[in-house]
Structures are given as structure tokens and as C-alpha cells.
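> The following comprises the amino acid sequence and a computationally predicted model.
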2 protein chains.
Amino acid sequence: MTSERRPSLAVVGATGAVGTVLLGLLSSRRDVWGEIRLVASARSAGRTLTVRGEPAEVVALREEAFDGIDVAVFDVPDPVAAQWAPIAAAKGVVVVDNSAVFRPAEDVPLVVPEVNAPAARIRPRGIVASPNCTVLTLVNGLAALHSEYGLTELAVASYQAASDAGQRGVDTLREQIRQVAGTGVGEQTGDLRAVVTEHGPFPAPLALNAVPWSGSARADGWSSEELGLRDQPRKILGLPDLRVFATCVRIPVVTGHSLAVHAVFEREVTRARAQEILREAPGVVLFDNPEAGEFPTPNDVVGTDPTWVGRVRRSLDDPTALDLFLCGDNLRKGAALNIVQIAELVAAELTPAG
Amino acid sequence: MTSERRPSLAVVGATGAVGTVLLGLLSSRRDVWGEIRLVASARSAGRTLTVRGEPAEVVALREEAFDGIDVAVFDVPDPVAAQWAPIAAAKGVVVVDNSAVFRPAEDVPLVVPEVNAPAARIRPRGIVASPNCTVLTLVNGLAALHSEYGLTELAVASYQAASDAGQRGVDTLREQIRQVAGTGVGEQTGDLRAVVTEHGPFPAPLALNAVPWSGSARADGWSSEELGLRDQPRKILGLPDLRVFATCVRIPVVTGHSLAVHAVFEREVTRARAQEILREAPGVVLFDNPEAGEFPTPNDVVGTDPTWVGRVRRSLDDPTALDLFLCGDNLRKGAALNIVQIAELVAAELTPAG
């Protein structure tokens, strides 16, 4: 391509929950793109969506959909990504993928632009992976503290929203809330299961409940989500020996992931300095004055880009540790925004300065 | 008293949320009591409640209410307990108190009958304290593992129900659920706060949200609830140096507290042996087969007595640690049941065998 032409972008999975947020971001951020092509399953092809204020017809996912495309962002189910990302890459397209398929691969960088942007330049397979939404909230919130203090250990408990199970997750929770409203559910054993009969993508009723399971089953009682919270931060932060202990729990929130984090560092910490670091960290907002009711909640951060950090405390029994509470919009920085940011990094690289 | 007479019991706070569960327990457990006298604020005096299938009139809290009483259980606000427990004790009544007032006192035992029953016999002030509901779930779930492996450290994140803020907490959550049902709340910043205007006892809207604050403010950013999760297990387990890192969060559940726990021990653990210990532990139910959808959820344990333990995993980066998820009914074992169990211990002591 020449310096006159702006890079072209394909959005694969344009009609999904993350895709919708993605098109909104592409319409509101500084526009670096030439053509933006919307791609989805054959079932959705032919629909007209709006991007950058203009109507755009959705085309079906097939090899020709990548003709003339420089960068393709993928938010599709794992099997679709496994099949189609290599096909696009083989045509010379730089693929930014949000599935779980390529995250563990040694020859695929896993990138959070605020944390390890240079890694996006080295992509032997033409693919860059974006981390899982829970990981993004965690890594984005802690990277600056790691730079100062040197992270050694994390104990993490998640409070995950329905929307990272997609639109079906959101619809299921909304229907369950409608079913329990006005009832006495929560007074005795089994009353929730009597009222809520459709669990959707969740393994138990979610309204007025907490479900300690997210992802798929792995060995020894672990879930894929919990292993991801260990493997992905290790890869992004370049800390292969980082000790991580995670329990992932879904709660009845529509959008917005939260994490309670106990973080241990190499060096002694102070609360005041930790707050100062977080106040200045890119992509982070410190919101931490609980006596004045100031702490992040998932519902207050919906629709915002940063990771919000509050409840910052130096651990009482370990001067090298902090206890914190983080919230982030799992559809924005947790997915669509990080993908767009990676795509923009690649676009800047493809577009010679001047 | 003579061995012919069964001990008499006063229930102080009989009309509250915990009091209601208490009367139900007194009606369903093996009956060891003579007279049961119901006591409440002057405002509630004169009401008639049912206990052991018989109507009983509520009398006002004043010194004469303790005449002829052997044991009094208190579930009242802290200032009421601070004033009245010593008055009752001065009359020779053994007080079992569920407020926060006496829990830290060196001359007041803090008792979980399954864990440290003998401590209830030594009560210099005539008062025995019952732990906070979150602590009860935690200590009850972990005591047997501690006996085998020797507990050294806990990182705890709580998922607390509305009902430990009393009936007002429950009513507030139910009204908020009614308000958000059928709306699109959770799509954008501020939409929950626009629909839910009454926060009741909580510092932020609770429906479709998570609120990382419970209790009152303490130094250095900590909440009283978080400090209680450190101080009370130390006292109950007799481990003054136990390292505890806690973050307490309220979620939109009516009843049933949950805890994600990372527990470190002196000795190496195995998943199979930990499950076996929990299967045999008194007051504990092991429910741990996530691939078959078997893990405890708060709504499934409402109305049951034990602490339910699931998601048992040996920590990946520490062979001496376990990660677990615990659930317990905060109104039963978390409050009323533990109080009744302590009162029964005292009753057995007051009633010479044979």
C-alpha cells in the first residue's frame, strides 16, 4: 500500500454485542481508516448497519470478504476464529482476534496497548490476540503498580456481568429479573428455581443469586476463565512465574466486570503512593473515598473506557501488598475498545508518518 | 436453680429479621427451655407472636424483663446491646449477644459451637458473643481444614446479601428489583441511578449492581466488616497471627452470604483429602462437582443450616493452599442458629445431667 491510501478495516462479527460497541467506537474515535467493511455470518449478511454516520451493508464471511483489506478485527465464536483468522492472515491481512483460540500461542502476541504496545509489532502468524475481558480489567488496573513495585502474586475474585455471555446472557438476566420482581424469592430454598426455569447460557439462575462458574471445565476443578486470569496476565506482563489464585463468579449485573484483588509486590507499598500511581496511570481512574460514598460500582462504569480503581488499602498483615476493587466495562475496554486500540496501533505502523 | 426446673430464656429483639428466624428455630429444635419470654422495644411491646406453637406476648425491654430468666439471647442494635447486656448480666442472666459490641473484648468469649464450644464456659462478664454472619460462614467452612493442615493466611472476597442490613435491606432490594424490571438499565452510565432513587441502608443502588462497601468506615480505607473478618477468626481459632486480607462487597441477593477464599496452610494439601475433610466436617456440606453443575449458590442454601462448600481446588502456584467458594444462610447459622446453639450449650451446663 502507498502512503496516500488509508488502511482498510474489516469488522468480522459486526452484528454481535461486541460488534455493536465496536461500530460505535469506530464512529466516535479519530478516524484513521479508509474503507470499513462489515462482515458477519451468512445469516446476517445483507443487513444494513451504520458506521461513521453512513449506512453499510453486512457481507458474508468468505475468503473474498478480505480482498483489499489491511486489518481485520474478529469478535466471533472460537471455532469461527480458529478457521477464519488464518485464512485472512494468509491473504496478508493483519488479524486482531478476540477469541480464546490464539491467546496462549507463543507466536501470537497478546496485547493491551497501554501495557505492552510494542509486542503488537511482532506477529509471526499475522495475528494479534486481545485478552479476555476480566483479564483486561485486571491488567489495565495493575500495570502501573507493577511498574513501580514489581508484582509477584495475585489473589483475585471476580464479580462478572451477564453480557460477557453475549446478548443471550443479557436477555436471560433481564427475563429472570422480570420473573422475580414482585415475588418473595430469596426467603427459602428452591424458591428461585421454582420461578426461574430458563437459565440461558448460565449453569444456574442468575437473578438474585451468585453463580461461581464461568467458562468451561478444566482439570482439577478449575474453569477456563480462572486459568485465563493466570496465563494471560503472565504473558502480557512478561512474568512467567507470577503466582495467581483466582475464583470466577457471575453476579446479576448486566454490564461491568468487577474484581476484588489482593496484590503482592516485591517492594513495600504505601496507600498514598499507590493512589498517586493509579491517579496518573493511563486508562485508569482512581475513585477512592469510601467515606464519601466514592468507590467504583459496575453499573456506574458502564459505557466508560477506563478501568476504575477504588478501595485501595495497604494490606494489614503484609507491607508489600495492596487490597483493591476494580471495575471496567467488559464490552468496551474489556473487548471492543482494546481491539480497536490494537487495530489503530497496526494502522499507524502501516501508514508511514508524513 | 434446681435440676427439676428447665432454664428460662429471654429473646431480646424478638420482632426483628433475625428474631423471626430465632423463634422458628426454637419451635423446631429439641426443646430444652422452660419459659421463653419475648422482649423487644417499647414500640413492639404488646404484640403477640408464636413460639413452640403457642401465642406469646412481647414485653418491653426493661430491667424487670429479666426477672427469673437464666439465659438471654440478644439481637438488637449495638447501642441497645451495649446498654442492656450488662444490665441483664448483672442480674445473673447469661447473655448471648449478636451485636458487634462485645466481640473484641478479651473477657468475652466469641463462640462457634462446632469450633470452640469450651470457650463458652469461661465468661467473666456473664456475656458470650456470637460472630458476625460473614465470619460464621468463613470459620465454619474452614475450621476442619485448619485442624488438619494449620491455617496461616486467608485472602477473602465476600458476596453479601441484602438481609444482613435487616428487613430494611431486603425491602430496599425488592423495591429496586421492581423498579429495574422491564427496563434497559445496565446499558449506559447513570441509568441505574436514574431509575433507582432510594438506596435504603446501602451507599449505592444495589439492584443489577455490586457495592464494594459493608459496615462503617475505619482507618486507612478499611471497613468494619473487613476488619471483623480478620479479628474474629483470629479470636475464634486462637490464631492471633493469622494473616487475613479481605474485601467486602454487597451484591443483589436477598439472603445467603458467599465467600471466595484463598486459604494458605502450614502443610501441603491435596484436593481429594480436602474434599474428604469437608465431607466429614460438622455443620458443613461439600457440594463440589462443577462439571455436573454442582456448586453452592446463595439462593440454593437459603433456609438451610450448614455452610456449603464447593469449587475446592488446590492452588496452582502453591501446594500448601486451597481456593474455595463458601455459601451460608446469613440469618440462620450466620446469626439466629449460632445464637441458639450457644444458648443451648449454656442451658446444658445449667442443667445438671441426670
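Thanks, I have it.

> Next SSE downstream of the helix or strand hosting residue A:114?
Using DSSP states H and E, residue A:114 sits in helix A:113-116. Next along the chain after helix A:113-116, taking DSSP H and E as the criterion, comes strand A:127-129.

> Just the mean pLDDT for that next one, thanks.
Throughout strand A:127-129, pLDDT has a mean value of 98.

> Can you give me the buried ones in the helix or strand just after it?
Using DSSP H and E, the helix or strand that follows strand A:127-129 in sequence is helix A:133-149. Neighbour-count burial for helix A:133-149 flags A:133-146, A:149 (criterion: 16 or more other Cβ atoms under 10 Å in any protein chain shown). C-betas here are computed from N, CA, C, even on glycine.

> Stretch A:222-237 now?
Across stretch A:222-237, burial judged by 16+ other Cβ under 10 Å covers A:222-237.

> before we move on, the earlier item: would you mind pulling up the elements that the helix holding residue A:114 packs against?
Helices and strands touching helix A:113-116, by 3 or more Cβ pairs under 8 Å, 6 or more residues apart in numbering or on different chains; DSSP states H and E, are helix A:133-149, helix A:224-237, helix A:337-350.

> Can I get these in a markdown table including distance to chain B?
Shown next, in a markdown table, are these (distance: least, Cβ to the nearest Cβ, whole Å):
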| stretch | distance to chain B |
| --- | --- |
| helix A:133-149 | 13 |
| helix A:224-237 | 6 |
| helix A:337-350 | 15 |
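
> quick one, which of those helices is nearest to residue B:93?
Nearest to residue B:93 among those is helix A:224-237; the distance by Cβ to Cβ comes to 49.9 Å.

> can you list contacts of the helix or strand just after the closest one?
For helix A:224-237, the following helix or strand on the C-terminal side (DSSP H and E) is strand A:243-247. By Cβ atoms under 8 Å, 6 or more residues apart in numbering or on different chains, the residues outside strand A:243-247 that reach it are A:152-158, A:212, A:225-226, A:229-230, A:233-234, A:264, B:155, B:157, B:260-262, B:311, B:315-318, B:321, B:323-325.

> Show me the strands in chain A, by range?
For chain A, applying DSSP state E gives strands covering A:9-12, A:36-40, A:48-51, A:54-57, A:59-60, A:71-74, A:94-97, A:127-129, A:151-159, A:243-247, A:257-265, A:284-286, A:307-314, A:321-328.

> could you dump the helices and strands packed on helix A:113-116 to a markdown table with mean pLDDT?
Output for the helices and strands packed on helix A:113-116, formatted as a markdown table (pLDDT from 0 to 100):
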| stretch | mean pLDDT |
| --- | --- |
| helix A:133-149 | 95 |
| helix A:224-237 | 97 |
| helix A:337-350 | 95 |
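
> Could you name the residue of chain A that is farthest from its center?
In chain A, the residue that sits farthest from the middle, by Cα atoms, centre = their mean, is residue A:188; the gap is 36.1 Å.

> Now do the contacts for that residue.
Applying Cβ under 8 Å, 6+ apart to residue A:188 gives the contacts B:302-303.

> Next, count neighbours for residue A:82.
Residue A:82 sits with 15 neighbouring residues when counted by other Cβ atoms under 10 Å in any protein chain shown.

> which one is it nearest to, not counting chain neighbours?
Distance criterion Cβ to Cβ, 6 or more residues apart in numbering or on different chains; nearest residue to residue A:82, sequence neighbours excluded, is residue A:101 at 4.7 Å.

> Now do the contacts for the nearest residue in space to residue A:99 that is not next to it in sequence.
Leaving out its chain neighbours, the residue that sits closest to residue A:99 by Cβ to Cβ, 6+ apart is residue A:81, at 3.6 Å. Taking Cβ under 8 Å, 6+ apart, we find residue A:81 in contact with A:74, A:97-99, A:101-102.

> So which of these is the closest to chain B?
Using Cβ to the nearest Cβ, residue A:98 comes nearest to chain B of the contacts of residue A:81, at 20.5 Å.

> Show me the two of the buried residues of stretch A:222-237 that sit farthest apart.
Farthest-apart pair in the buried residues of stretch A:222-237 is A:223 and A:237; separation 21.6 Å (Cβ to Cβ).

> returning to that earlier point: if I look at the residue farthest from the centre of chain A, what pLDDT would I see?
For residue A:188, pLDDT reads 81.

> Residue A:85 touches residue A:127, doesn't it?
Yes. Contact criterion Cβ atoms under 8 Å: residue A:85 and residue A:127 qualify, at 5.6 Å.

> Now do the shared contacts for those two.
In terms of Cβ under 8 Å, 6+ apart, residue A:85 and residue A:127 are both contacted by the residues A:95, A:97, A:102.

> quick one: which of those residues is most hemmed in?
Highest neighbour count within the shared contacts of residue A:85 and residue A:127: residue A:95, with 30 neighbours (other Cβ under 10 Å).

> measure that residue to chain B for me?
Distance, residue A:95 to chain B, by Cβ to the nearest Cβ, to the nearest Å: 29 Å.

> Name whatever forms a beta bridge with that residue.
With DSSP bridges applied, the residues forming beta bridges to residue A:95 are residue A:72, residue A:127.

> who's in contact with it?
Shown in contact with residue A:95 (Cβ under 8 Å, 6+ apart): A:71-74, A:85, A:88-89, A:126-128.

> Pick out whichever of those residues sits closest to chain B.
residue A:73 (22.2 Å).

> quick one: the closest one from residue B:290, how far?
33 Å (Cβ to Cβ, to the nearest Å).

> With residue A:145 instead?
Distance, residue A:145 to residue B:290, using Cβ to Cβ: 32 Å.

> and if you look at residue A:146?
31 Å.

> Check residue A:109 too.
From residue A:109 over to residue B:290 the distance is 32 Å, taken as Cβ to Cβ.

> Kindly report the same for residue A:70.
Counting by Cβ to Cβ, the separation of residue A:70 from residue B:290 is 43 Å.

> For those two, indicate the residue with more neighbours.
Neighbour count, other Cβ under 10 Å: between residue A:70 and residue B:290, residue A:70 has more, with 23 against 20.

> phi, psi of that one?
Main-chain torsions, residue A:70, degrees, to the nearest 10: phi -90, psi -40.

> what sits against the nearest residue to residue A:334 once chain neighbours are set aside?
Ranked by Cβ to Cβ, 6+ apart and with sequence neighbours excluded, the top spatial neighbour of residue A:334 is residue A:133, at 3.1 Å. Taking Cβ under 8 Å, 6+ apart, we find residue A:133 in contact with A:164, A:257, A:328, A:330-331, A:334-335.

> Can you add pLDDT, neighbour count and distance to residue B:50 and give these back as JSON lines?
Listed next are these as JSON lines, based on pLDDT from 0 to 100; neighbours: other Cβ atoms under 10 Å in any protein chain shown; distance: Cβ to Cβ, whole Å:
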{"residue": "A:164", "pLDDT": "85", "neighbour count": "24", "distance to residue B:50": "47"}
{"residue": "A:257", "pLDDT": "96", "neighbour count": "33", "distance to residue B:50": "46"}
{"residue": "A:328", "pLDDT": "95", "neighbour count": "32", "distance to residue B:50": "50"}
{"residue": "A:330", "pLDDT": "90", "neighbour count": "29", "distance to residue B:50": "48"}
{"residue": "A:331", "pLDDT": "86", "neighbour count": "28", "distance to residue B:50": "51"}
{"residue": "A:334", "pLDDT": "79", "neighbour count": "29", "distance to residue B:50": "52"}
{"residue": "A:335", "pLDDT": "86", "neighbour count": "26", "distance to residue B:50": "55"}
